[in-house]
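> fold the stuff below for me.
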Amino acid sequence: MIREILNTEIKSIENDGIDVLLLSEYKVKNVLEVPFSISNFSVLLIKNGKMNIRFHDETNILKRRDLFLIPYNSVCTKLEVTPNIQLYLIRTNFDFAHNNCYEKELLDAFSFLMLKSDQKISLQENDFKVLSVIYKLMSALQYGNERPDIIIKLRRICFNLFIYELKFIHSKYKPELDLDFSRRESIVIQFLTLLSIHFRTQHHVQFYAGALFITPGHLNKMVKESTGKTAKSFIIEALVNVSKNLLTDSSYTVANIADELQFSSPENFGVFFKRHTGMLPTEFRSNKK
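Residues are numbered from 1 along each chain as shown. Modelled structure (predicted):
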């Protein structure tokens, strides 16, 4: 169940771009099949039990009162939970945040946290209770159908309160994360925002640089200085991760995936995939059976 929740694309959920879950009962097997990619921006808060979750080589053991932000386009390589696990989870996307944040600085802070943070924060009891209440409020409003105009406004207020609380928590527990951004950092955040929305259809740095009114070389330089990777590397990484995820789904043919990701042909998709993974798509799929 937890894998299915984390691995479901937000666009396939019957909501307007945000999903709130309060998991209080868990009855499936302890060790879940991995790896799988998480394309949504997810914020976990553990209420009870333990979770062992790893992205690439970084393992995090989460327990009660631990907050964990799962960054954009992550690949989970290990996921184990105890039978008594209880948790709060919010999953959303940049479109929802962009349309519902009251202030640009909140959107920038949210974007930065969702894209960069993959370390747990062990909250004090008071901070845990405040965040828990916000989760519960958002969950209660999720399926409200009386006075939808009022519900929409209340959900927006709660969402902004949620971001404010995340920003406060990170300034309190991780003061080394400076959430006041320079122009360079703002450009990088905007690039990553655009990438999360368009990477399936836009594979070239020129598109993102044009949208930001800067040259491709300047964009690559700013992204490299801020993250250690070029803009092109981020595009390739996003495409490879989503390709691997789609290849684990037998309902997609290689041709379907090439079309989904707007490669000119299945052959060109195969060349791209082998160049960056060392395997043809069919070889990768066979190894996962």
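> rest of the way, CA atoms for contacts and neighbours
Fine.
> from the centroid of the chain, which residue is nearest?
Taking C-alpha atoms, centre = their mean, the centroid of the chain lies closest to residue 41, which sits 2.7 Å from it.
> that one and residue 89 touch, don't they?
No: in this structure, residue 41 is not within contact of residue 89 by C-alpha atoms under 8 Å, at 10.3 Å.
> the top helix by length along the chain: what's the following helix or strand?
Assignment by DSSP state H gives helix 148-173 as the longest helix of the chain. Beyond helix 148-173 on the C-terminal side, the first helix or strand identified by DSSP states H and E is helix 183-198.
> pretty sure residue 88 sits in a strand.
Yes: membership of residue 88 in a strand is supported by DSSP: H, G, I helix; E, B strand; the rest coil.
> ok, it - how many residues close by?
Using other C-alpha atoms under 10 Å, residue 88 is surrounded by 21 other residues.
> that one: what's it in contact with?
Shown in contact with residue 88 (C-alpha atoms under 8 Å, 6 or more residues apart in numbering): 20, 21, 22, 23, 44, 45, 46, 47, 132, 135.
> which residue packs closest to the last one, ignoring adjacent ones?
What it means is residue 135. Leaving out its chain neighbours, the residue that sits closest to residue 135 by C-alpha to C-alpha, 6 or more residues apart in numbering is residue 88, at 6.8 Å.
> quick check: bridge partners of the residue nearest to the centre of the chain?
Applying DSSP bridges to residue 41 gives these bridge partners: residue 92.
> now do residue 185 against residue 165, distance only.
22 Å (C-alpha to C-alpha, to the nearest Å).
> can you check residue 57 too?
From residue 57 across to residue 165, the span is 29 Å (C-alpha to C-alpha).
> what about the two, which has more around it?
Using other C-alpha under 10 Å as the criterion, residue 57 and residue 165 rank with residue 165 on top: 16 against 9.
> surely the more buried one is in contact with residue 129?
No: with contact defined as C-alpha under 8 Å, residue 165 does not reach residue 129; the gap is 11.6 Å.
> where does pLDDT dip in the stretch 151-289 of the chain?
Applying pLDDT under 70 to the stretch 151-289 of the chain flags residues 177-182, 289.
> just the buried ones from the contacts of residue 88?
The neighbour count (16 or more other C-alpha atoms under 10 Å) marks 20, 21, 22, 44, 45, 46, 47, 132, 135 as buried among the contacts of residue 88.
> now the last one: how far from residue 170?
Meaning residue 135. Noted for residue 135: a distance of 17 Å to residue 170, by C-alpha to C-alpha.
> ditto for the fifth one
When C-alpha to C-alpha is the yardstick, residue 45 and residue 170 sit 14 Å from each other.
> okay, the angle between the longest helix of the chain and strand 86-92?
110 degrees (axes from the mean of the first three to the mean of the last three C-alpha atoms, to 10 degrees).
> can you give me the strands in the stretch 1-150 of the chain?
Taking DSSP state E, counting those that start in this stretch, the strands of the stretch 1-150 of the chain run over residues 18-23, 36-38, 41-48, 51-55, 58-62, 66-70, 74-81, 86-92, 120-122.
> helices or strands next to the last one in the packing?
This points to strand 120-122. On a contact count with 3 or more C-alpha pairs under 8 Å, 6 or more residues apart in numbering; DSSP states H and E, strand 120-122 meets strand 66-70.
> next, the angle helix 148-173 makes with the strand it packs on.
Here the directions of strand 66-70 and helix 148-173 differ by 110 degrees (the same axes, to 10 degrees).
> average pLDDT for strand 66-70?
The average pLDDT within strand 66-70 is 91.
> note down every partner strand of that strand and its orientation.
strand 41-48 (antiparallel), strand 120-122 (antiparallel).
> of the ones you listed, which is nearest residue 260?
Closest to residue 260 of those, according to C-alpha to C-alpha: strand 41-48, at 21.3 Å.
> which one is residue 127 nearest to, not counting chain neighbours?
Excluding the flanking residues, the one nearest residue 127 by C-alpha to C-alpha, 6+ apart is residue 169, at 7.8 Å.
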